[in-house]
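**Q** Generate a structure from the sequence data that follows.
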Amino acid sequence: PGPAKIEKADCYKSNANMWRITDDFWDHWPLLANMFERCELWQTHVSPGNYPDCDMLPIGYLGKGFGEERYDNFTLDEARTMMTLWSMFHSHLMMGGELTKLDDRVLSLLTHREILSLLSHDYQARQLIRTETEAIWVSQLVSDNDGPHPYSLVIALFNLTGTPREMTFDCHELPMTQSSQGIKKGLELWTREVIEIVDQLLKCQVPAHGVAVWGFKG
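**A** Numbering: from 1, shown residues only. Predicted structure coming up:
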């Protein structure tokens, strides 16, 4: 129990398939915001058969067996942030809520095929930017072993502040293996909004504690 030690990463990878990188994770924004730092620390240690674990998804009805049962505290945007980060980071998805009380909100989070496809090791994801106000992750298709994937590149802009804001990503900052010249039009995976890239700048409004996840085809 408790967070694994980064200096022991090689030991974990040699002897375990999964190890937890956090204390108990509950439905509170400060814990979710802190996970960006933890994922950045562990992102280079993710590989098939080796999974740093962000802990369970505390969504839906929680607390059964631990006291009073209640609905989770996350806003829809915060829950989308969690699902996106866990999927891009390749953390195992373990639902911590009461399955017999699934509602449309939770079901929509757990069954979003395009977000879940980012769990595939055909995608390699990295956090390129992290500040007190934002984090930007890029997930690039590096193979197609699991069958065809809808997007060759996915860029996620996370707003870590409590107010909606415009965010900008310069596509010239993409890894060298991904040419920014081919980035023209993207689809936001949660809302289905379409965006046009102008002067290689990705600009969009992102909700408070929310994320905009843009998929680009090759």
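**Q** residue ranges with poor pLDDT in this structure?
**A** 1, 176-182, 218 (pLDDT under 70).
**Q** dump the residue contacts of the residue nearest to the spatial centre of it.
**A** Centroid-nearest residue in the chain, with C-alpha atoms, centre = their mean: Leu85, separated by 1.4 Å. Applying C-beta atoms under 8 Å, 6 or more residues apart in numbering, we find Leu85 in contact with 35-36, 39, 54, 137, 156, 158, 211. Placement of C-beta: from N, CA and C, glycine included.
**Q** Closest one of those residues to Ser117?
**A** Ala156 (13.4 Å; C-beta to C-beta).
**Q** Surely that closest one is in contact with Thr84?
**A** Yes. Ala156 is in contact with Thr84 according to C-beta atoms under 8 Å; the separation is 5.5 Å.
**Q** what sits in contact with each of those two?
**A** Counting by C-beta under 8 Å, 6+ apart, the residues touching both Ala156 and Thr84 are 137, 211, 213.
**Q** Most neighbours among the residues you listed, which one?
**A** Val213 (28 neighbours; other C-beta atoms under 10 Å).
**Q** Can I take it that that residue is in a strand?
**A** Yes. Judged by DSSP: H, G, I helix; E, B strand; the rest coil, Val213 forms part of a strand.
**Q** residue contacts, it?
**A** By C-beta under 8 Å, 6+ apart, the residues touching Val213 are 84, 115, 154-157, 188-190.
**Q** Got a PyMOL select line for the buried ones in those?
**A** Buried subset of the contacts of Val213, written as a PyMOL selection, criterion 16 or more other C-beta atoms under 10 Å:
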select buried, resi 84+115+154+155+156+157+188+189+190
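**Q** Keep only those of the contacts of Val213 that are in helices.
**A** 84, 115 (DSSP state H).
**Q** Farthest pair within the contacts of Val213?
**A** Top of the distance list for those (C-beta to C-beta): Ile115 and Leu157, 14.6 Å.
**Q** Can you report how many residues neighbour Gly97?
**A** Neighbour count for Gly97, taken as other C-beta under 10 Å: 23.
**Q** List the single closest residue to it in space, sequence neighbours excluded.
**A** Gly60 (2.8 Å; C-beta to C-beta, 6 or more residues apart in numbering).
**Q** returning to that earlier point: ok, the contacts of Val213 vs Lys101, which is closest?
**A** Nearest to Lys101 among the contacts of Val213, with distances taken as C-beta to C-beta, is Ile115, at 22.1 Å.
**Q** Thought Met82 was touching that closest one, still the case?
**A** No. Between Ile115 and Met82 there is no contact under C-beta under 8 Å: 10.8 Å.
**Q** ok, which stretches of this structure are helices?
**A** 9-15, 29-42, 76-89, 104-110, 113-116.
**Q** can you redo those helices as JSON lines with distance to Glu69?
**A** JSON lines is the format used below for the helices of the chain (distance: least, C-beta to C-beta, whole Å):
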{"stretch": "helix 9-15", "distance to Glu69": "34"}
{"stretch": "helix 29-42", "distance to Glu69": "20"}
{"stretch": "helix 76-89", "distance to Glu69": "18"}
{"stretch": "helix 104-110", "distance to Glu69": "14"}
{"stretch": "helix 113-116", "distance to Glu69": "27"}
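**Q** what's the most buried one of those?
**A** Highest mean neighbour count among the helices of the chain (mean count of other C-beta atoms under 10 Å): helix 76-89, with a mean of 23.
**Q** how about the CA coordinates for that one, as PDB?
**A** Provided in PDB are the C-alpha atoms of helix 76-89 (Å, rounded to 0.1, in the frame of the first residue of the first chain):
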ATOM      1  CA  LEU A  76     -18.200  15.800 -15.300                       C
ATOM      2  CA  ASP A  77     -15.100  17.700 -16.500                       C
ATOM      3  CA  GLU A  78     -13.000  16.400 -13.600                       C
ATOM      4  CA  ALA A  79     -14.100  12.900 -14.300                       C
ATOM      5  CA  ARG A  80     -13.200  13.300 -18.000                       C
ATOM      6  CA  THR A  81      -9.800  14.600 -16.900                       C
ATOM      7  CA  MET A  82      -9.200  11.500 -14.800                       C
ATOM      8  CA  MET A  83     -10.400   9.100 -17.500                       C
ATOM      9  CA  THR A  84      -8.200  10.800 -20.100                       C
ATOM     10  CA  LEU A  85      -5.000  10.800 -17.900                       C
ATOM     11  CA  TRP A  86      -5.400   7.200 -16.800                       C
ATOM     12  CA  SER A  87      -5.900   6.100 -20.400                       C
ATOM     13  CA  MET A  88      -3.000   8.000 -21.900                       C
ATOM     14  CA  PHE A  89      -0.700   6.900 -19.000                       C
END
